[in-house]
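Enquirer: Provide a 3D model corresponding to the input given below.
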Amino acid sequence: MGDIESTILRPPKELKAFTKIYLKPGETKEYSFTLGKEAFQFWDELHHEWNIEKGKFIISIATSSRQIHAQEWLDFR
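Expert: Numbering: from 1, shown residues only. Modelled structure (predicted):
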């Protein structure tokens, strides 16, 4: 996940949810997960509280940070 319009310095990618899935050769499995609001929060040092900025986030499905298989935009307005 990445915050595209962040007003503070944040990493370009943040790991928020993962599960290791073991597959046999040729096997496929379906997996789903939910990203709650805490996945989009950051610690606001100025106000000393958790905060979520409005703006665009990109959600990536990947096997590693370099092997991204799908992406979706999420807009908090």
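
Enquirer: residue 38 should be in a helix, yeah?
Expert: Yes. The assignment for residue 38 is a helix, going by DSSP: H, G, I helix; E, B strand; the rest coil.

Enquirer: tell me how far it lies from residue 67.
Expert: 26 Å (Cβ to Cβ, to the nearest Å). C-beta: built from backbone N, CA, C; applies to glycine.

Enquirer: what about residue 10, is that helix, strand or coil?
Expert: The three-state label given to residue 10 by three-state DSSP is coil.

Enquirer: so it sits right up against residue 40, yeah?
Expert: No. With contacts counted by Cβ atoms under 8 Å, residue 10 stays clear of residue 40, the gap being 10.8 Å.

Enquirer: and the gap between residue 40 and residue 23?
Expert: Distance from residue 40 to residue 23, by Cβ to Cβ: 30 Å.

Enquirer: and residue 72, by the same measure?
Expert: Going from residue 72 to residue 23 by Cβ to Cβ gives 23 Å.

Enquirer: higher neighbour count, residue 40 and residue 23?
Expert: residue 40 (20 against 8; other Cβ atoms under 10 Å).

Enquirer: local confidence estimate at the more buried one?
Expert: With respect to pLDDT, residue 40 has a value of 87.

Enquirer: what sits against the nearest residue to it once chain neighbours are set aside?
Expert: Computed as Cβ to Cβ, 6 or more residues apart in numbering, the closest residue to residue 40 that is not its neighbour in sequence is residue 52, at 5.0 Å. Neighbouring residues of residue 52 by Cβ atoms under 8 Å, 6 or more residues apart in numbering: 37, 40-42, 76.

Enquirer: turn those residues into CSV, columns for distance to residue 56.
Expert: Formatted as CSV, these follow (distance: Cβ to Cβ, whole Å):
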residue, distance to residue 56
37, 16
40, 11
41, 16
42, 15
76, 8
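
Enquirer: for stretch 37-54, how far is the first residue from the last?
Expert: 12 Å (Cα to Cα, to the nearest Å).

Enquirer: sorry, slip of the keys, the one I care about is stretch 20-31.
Expert: For stretch 20-31, the end-to-end distance is 10 Å (Cα to Cα).
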